[in-house]
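>>> Pasting the sequence and the predicted model now:
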Number of protein chains: 2
Amino acid sequence: MEQRRADTIAEALEERIFDGTFADGDRLDEVRLAEQFGVSRTPFREALQRLARSGLVELIPRRGAFVRQPGPVELLELFEAMAEIEAVCGRLAASRISDAALAELHDANRKCQAAVTANDPDAYYRENERFHGVIYQQSGNGFLAAQAQALHRRLQPFRRQQLRLRGRMAQSMAEHEAIVTALEQGAPEAAANGLRGHVAIQGEKFHRLMANLRDAAE
Amino acid sequence: MEQRRADTIAEALEERIFDGTFADGDRLDEVRLAEQFGVSRTPFREALQRLARSGLVELIPRRGAFVRQPGPVELLELFEAMAEIEAVCGRLAASRISDAALAELHDANRKCQAAVTANDPDAYYRENERFHGVIYQQSGNGFLAAQAQALHRRLQPFRRQQLRLRGRMAQSMAEHEAIVTALEQGAPEAAANGLRGHVAIQGEKFHRLMANLRDAAE
DNA sequence: AAGTCTATTCTTGTATACAAAATAATTGAC
DNA sequence: GTCAATTATTTTGTATACAAGAATAGACTT
């Protein structure tokens, strides 16, 4: 699994940006961080260039690299985009999904349900991710699937928070079932609407969560 | 307009990849191209890292940077994704578009029509781009708009070819009109379907064009 | 004491130097 | 003559060196 250095560093930085180790606006000091990674500035800078493209860091000429965390507005936009893209995947998948994939969705749902009753959030996550991943794949469009996967990953930390809300896991399961049914029946609009709602509600929950936190802080 | 070097080089390379100067599989020689750009390998390599993220080049460790042009399959996927994302933008825009933006769409359509009668493809392009750009913006979702714009740009060269087909410009104009009407009436599904069809048909035309070229080559 | 100008320090951007890996070439064996 | 192995050459990856632009601190003026 030997990878080139710039890849590894970029991934490590990405991880730290996702998990919040680096806050919004933080300057990523080349010499300090390069040293911390045990490399010289050259490969570290190459990693920064990589991250710049996906908008995780902003490279200001002659100033340095600054972390760009999505603010509340951007976050809502990301959730909305996620909902819409999942809906698209669902609509396409409705007429393209294979029997094997349908079986895998059922399996994921079963294990999700088991995780709910066992109160095992980690297992729930794993299976939930599998569920959505299968739908991305079954859109039959590799580009869309990759796009959806990337967005999913980017929103993962924020989804994690709001899933702790009371009763959300059970509700989410019901939505999963409805989505599979739509896919099974080859109903494009039903699948699309189901997925859109399923993801959009996460954005709304997140929104409310944020508002509550803000109010509590006052 | 002084930009940092890596940006400039990345853009220049991107341009050459888009316009086909670099064919699929071409290796981008670091020393030769860096010299050609009048810089050392360091900033050139930084530019490569950037391009790697967007999938325009593939960086194979210890081997070099290779151009990745979309093949027929990937191209169809890109057209399909474009159609779906435009549809999403249209649906969102239907309930968010401003009067000013509607006026701009009308204006763009008028100028498009004028370009058709004047047989001025360049003007047609400019206005067509404006038309679609306004819809992206009016989706009210910056992330989606950026995504749509990027895809649009990437498919531009391929769209250019197929627009020469007989009668396509006139048909395209009629579709534009229908889309504006749907947006004016605040009809989300009509706007979405109109845009999806409008873009998807380009993919189909392109597909047929490719098939013809292939047949002719035999 | 506040503000500004200047000098110093720090940081970025780029070039070059060197090491390791991959490719090409040459030699030798069969 | 063909194939294999070894050597030579190219090319990538990384470190270091240096130049130029920002940030900072200090001195001088008002």
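Ah, there it is.

>>> where does residue A:163 land on pLDDT?
In this model, residue A:163 is scored at 66, pLDDT.

>>> How about residue A:35?
At residue A:35, the predicted lDDT confidence score is 95.

>>> which SS class is it?
helix (DSSP: H, G, I helix; E, B strand; the rest coil).

>>> So what's the residue count around residue A:40?
Here the count is done by other CB atoms under 10 Å in any protein chain shown, and residue A:40 has 13 residues near it. Quick note: C-beta positions are derived from backbone N, CA and C, even for glycine.

>>> Ignore what I typed, I meant residue A:105.
Neighbours of residue A:105 (other CB under 10 Å): 24.

>>> Do I have it right that it meets residue A:183?
Yes - between residue A:105 and residue A:183 there is a contact under CB atoms under 8 Å: 7.1 Å.

>>> Give the residues shared as contacts by the two.
Residues touching both residue A:105 and residue A:183 (CB atoms under 8 Å, 6 or more residues apart in numbering or on different chains) are residue A:135.

>>> Can you tell me how far residue A:66 is from chain B?
As judged by CB to the nearest CB, to the nearest Å, residue A:66 and chain B stand 14 Å apart.

>>> Assumed that residue was part of a helix.
No - looking at residue A:66 with three-state DSSP, it is strand, so not inside a helix.

>>> Excluding chain neighbours, give the residue nearest to it in space.
residue A:58 (5.0 Å; CB to CB, 6 or more residues apart in numbering or on different chains).

>>> My guess is that neighbour contacts residue A:68. True?
Yes - Residue A:58 lies in contact with residue A:68 (CB under 8 Å); the separation is 5.1 Å.

>>> Those two: which is more packed in?
Shown here are residue A:58 and residue A:68; by other CB under 10 Å, residue A:68 has more neighbours (19 against 14).

>>> Let me see the backbone angles for the more buried one.
Torsion angles at residue A:68 (phi, psi; degrees, to the nearest 10) stand at phi -120, psi 100.

>>> The helix or strand that residue A:32 is a member of near DNA strand C anywhere?
Secondary-structure assignment from DSSP states H and E places residue A:32 in helix A:30-37. Yes - using CB under 7 Å from any atom of the strand, helix A:30-37 reaches DNA strand C at A:30-31.

>>> and that helix, what does it pack onto?
Helices and strands touching helix A:30-37, as assessed by 3 or more CB pairs under 8 Å, 6 or more residues apart in numbering or on different chains; DSSP states H and E, comprise helix A:41-53.

>>> Run through who's touching the next helix or strand after the helix it packs on.
Per DSSP H and E, the first helix or strand lying C-terminal to helix A:41-53 is strand A:57-60. For strand A:57-60, the surrounding residues in contact (CB under 8 Å, 6+ apart) are A:13, A:17, A:28, A:48-49, A:51-52, A:65-68, B:4.

>>> buried ones in strand A:57-60?
Buried residues in strand A:57-60, counted by 16 or more other CB atoms under 10 Å in any protein chain shown: A:57, A:59.

>>> Can you confirm whether that strand lies near DNA strand C?
Yes - legend: contact between strand A:57-60 and DNA strand C by CB under 7 Å from any atom of the strand is shown at residue A:59.

>>> Quickly run through the sheet partners of that strand, with directions.
strand A:64-67 (antiparallel) (DSSP bridges).

>>> From the contact counts, what lies against whatever helix or strand comes next after the strand it pairs with?
Going down the chain from strand A:64-67, the next helix or strand is helix A:72-94, by DSSP H and E. For helix A:72-94, the elements it packs on are helix A:121-138, helix A:142-162, helix A:168-184, helix A:188-217, helix B:72-94, helix B:142-162, judged by 3+ CB pairs under 8 Å, 6+ apart.

>>> need the next SSE after the fifth one, C-terminal direction.
By that I understand helix B:72-94. Scanning forward in sequence from helix B:72-94 by DSSP H and E, the next helix or strand is helix B:99-118.

>>> Show me what that next one packs onto, helices and strands only.
Helices and strands touching helix B:99-118, by 3+ CB pairs under 8 Å, 6+ apart, are helix B:121-138, helix B:168-184.

>>> got the contact list for the residue most central in space within chain A?
Chain A has residue A:152 as the residue nearest its centroid, 2.1 Å off, counting by CA atoms, centre = their mean. Applying CB under 8 Å, 6+ apart to residue A:152 gives the contacts A:82, A:129, A:132-133, A:136.

>>> Make a PyMOL selection of the buried ones in the contacts of strand A:57-60.
The buried residues among the contacts of strand A:57-60 can be selected in PyMOL (16+ other CB under 10 Å) with this line:
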select buried, chain A and resi 13+17+28+48+49+51+52+65+67+68
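
>>> what's the closest of the contacts of strand A:57-60 to DNA strand C?
residue B:4 (5.0 Å; CB to the nearest atom of the strand).

>>> Quick check: residues of chain A near DNA strand C?
Contact residues (CB under 7 Å from any atom of the strand) of chain A with DNA strand C: A:27, A:29-31, A:41-42, A:45, A:59, A:61-65.

>>> so where's chain A uncertain?
Within chain A, the ranges that satisfy pLDDT under 70 run A:1-4, A:163-165, A:214-215, A:217-218.

>>> So which bits of it are right by chain B?
A:2-4, A:6, A:42, A:45-47, A:49-50, A:52-54, A:59, A:61-62, A:74, A:77-78, A:80-81, A:84-85, A:87-88, A:91-92, A:141-144, A:147 (CB under 8 Å from any CB of the partner chain).

>>> Report the buried members of those.
If you count burial by 16+ other CB under 10 Å, the buried members of these come out as A:6, A:45-47, A:49-50, A:52-53, A:59, A:77-78, A:80-81, A:84-85, A:87-88, A:91-92, A:141, A:143-144, A:147.

>>> Which one, of the helices and strands packed on helix B:99-118, ends up nearest to DNA strand D?
For DNA strand D, the closest of the helices and strands packed on helix B:99-118 is helix B:121-138, at 31.4 Å, according to CB to the nearest atom of the strand.

>>> List the buried residues of stretch A:166-184.
A:169, A:172-173, A:176, A:178-180, A:182-183.

>>> wait, I meant stretch A:86-100
A:86-94, A:97.

>>> Show me the domain layout of chain A.
Structural domains assigned to chain A are A:5-67, A:72-217, following automatic domain parsing.

>>> Quick check: the gap between residue A:74 and residue B:146.
Relative to residue B:146, residue A:74 is positioned 11 Å away (CB to CB, to the nearest Å).
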